[in-house]
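S.K.: Attaching a predicted model along with its sequence, questions to come.
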Amino acid sequence: MSNCCIPGCTYNSKSKNKRSCFAIRRPDFARTDKERRHREVLTRLILSLRDSSKDDNIKWLLHKENAYICESHFNPDDIIVYSNRKALKCGRLPAYNLPHTCPSFAKRARMIQK
Ligand SMILES: [Zn+2]
């Protein structure tokens, strides 16, 4: 079962309204430099939102590539739609439905997208 790892988002694969979820892949498995940078930024963003000192298994989930972000945090334009699945465009970051404790988040996302 996959849960969205954005704090405050209750989406999981058992929810009624299906959303696509994008796994956060490990930077060390990336095939290109651009892909690696994208993965590094995503990993850091998630770690900055989650408190791994408080019994949070997020580091383990990231290590296993079992941490997901659901599509409600992305612009539709950030998502590539294939016939049977969706994928996140390289370099795109979550910018919606994020915790209020992270005001610089959306700003940073816009910067990277330029
Ligand atoms: Zn979510």
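M.R.: That came through, no problem.

S.K.: need the residues of the chain near the ion, please.
M.R.: By C-beta under 5 Å from the ion, the residues of the chain that approach the ion are 4, 6, 9, 11, 70. Heads up, the C-betas are built off the backbone N, CA and C, glycines and all.

S.K.: Take these and write them to JSON lines, including secondary structure and neighbour count.
M.R.: Rendered in JSON lines, the data for these read as follows (DSSP: H, G, I helix; E, B strand; the rest coil; neighbours: other C-beta atoms under 10 Å):
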{"residue": "4", "secondary structure": "strand", "neighbour count": "24"}
{"residue": "6", "secondary structure": "coil", "neighbour count": "25"}
{"residue": "9", "secondary structure": "coil", "neighbour count": "18"}
{"residue": "11", "secondary structure": "coil", "neighbour count": "21"}
{"residue": "70", "secondary structure": "strand", "neighbour count": "24"}
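
S.K.: Pick out the most distant pair among those residues.
M.R.: Pairwise distances among these were taken by C-beta to C-beta; the largest, 8.6 Å, belongs to 6 and 11.

S.K.: what do these two both touch?
M.R.: Taking C-beta atoms under 8 Å, 6 or more residues apart in numbering as the criterion, residue 6 and residue 11 both touch residue 70.

S.K.: sorry, back to before: got JSON lines for the residues of the chain next to the ion, with pLDDT too?
M.R.: Shown next, in JSON lines, are those (pLDDT from 0 to 100):
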{"residue": "4", "pLDDT": "95"}
{"residue": "6", "pLDDT": "95"}
{"residue": "9", "pLDDT": "94"}
{"residue": "11", "pLDDT": "94"}
{"residue": "70", "pLDDT": "96"}
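
S.K.: Among these, pick out the one closest to residue 50, please.
M.R.: Closest to residue 50 out of those is residue 6 (9.0 Å), distances taken as C-beta to C-beta.
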